[in-house]
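Undergrad: Here's my sequence, what's the structure:
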Amino acid sequence: RLPPAAFPLWEPFLHEDLVPTVVPAGPALLAHTAPEPSLDAVTDLLAAPCCRSWQFGPQQIAAALRTVDRRGSGPVQYYTDVVRAVCHPSARSRLAQRLRRQAWVLERAQEERLRDTALGCATQLEAGHAAPLSEQPLLQGMLTRGLAAMRRPKPE
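TA: From the prediction side, this is the model:
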């Protein structure tokens, strides 16, 4: 249906009521910081429905395993090198941003404990003086899941 013939005459007076004002939305992530979460809290976060699929991909892990030199290093150093290869600085930055976005969602779902855990993990990933990568429970859990996915037989 076309507007009435008089509409072009009245539209300038009604323009503000007809055209909604667009307020730019901020990014859907929390910028707060939180203390380092406990191992139990991170385990609960990874077990939550929103994070059950969080893992390093088998392709990423396989590539890291091919590039990391195993000779002359102990198991702890080897594990540290694999985590560092899988979770390079740009991947850590992306993961921290995703954690902050997940914290925003968890806040709206009134899951304060999980929100604080996600923020704590993001803060830990962003901090330059944080614990070594291989000691961060979130990365350990994601690597463990990825390794377990590599071991599962493929469906035929």
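
Undergrad: Buried residues, the longest helix that the chain contains. List them.
TA: Of all the segments of type helix in the chain, defined by DSSP state H, the longest one is helix 89-108. Judged by neighbour count (16 or more other Cβ atoms under 10 Å), helix 89-108 contains these buried residues: 92, 95-96, 99-107. C-beta here means a position set from N, CA and C on the backbone, and glycine is covered the same way.

Undergrad: Can you tell me which of these is closest to Val42?
TA: Leu99 (10.9 Å; Cβ to Cβ).

Undergrad: can you tell me how far Cys50 sits from Leu99?
TA: 11 Å (Cβ to Cβ, to the nearest Å).

Undergrad: what's the neighbour count on Leu39?
TA: 11 (other Cβ atoms under 10 Å).

Undergrad: And for the one 4 residues further on?
TA: Residues near Thr43, counting by other Cβ under 10 Å, number 15.

Undergrad: check contacts around the residue lying closest to Glu112 once chain neighbours are set aside.
TA: Spatial nearest neighbour of Glu112, chain neighbours left out: Leu106 (7.9 Å); criterion: Cβ to Cβ, 6 or more residues apart in numbering. With contact taken as Cβ atoms under 8 Å, 6 or more residues apart in numbering, Leu106 is in contact with 50, 112, 114-115, 118.
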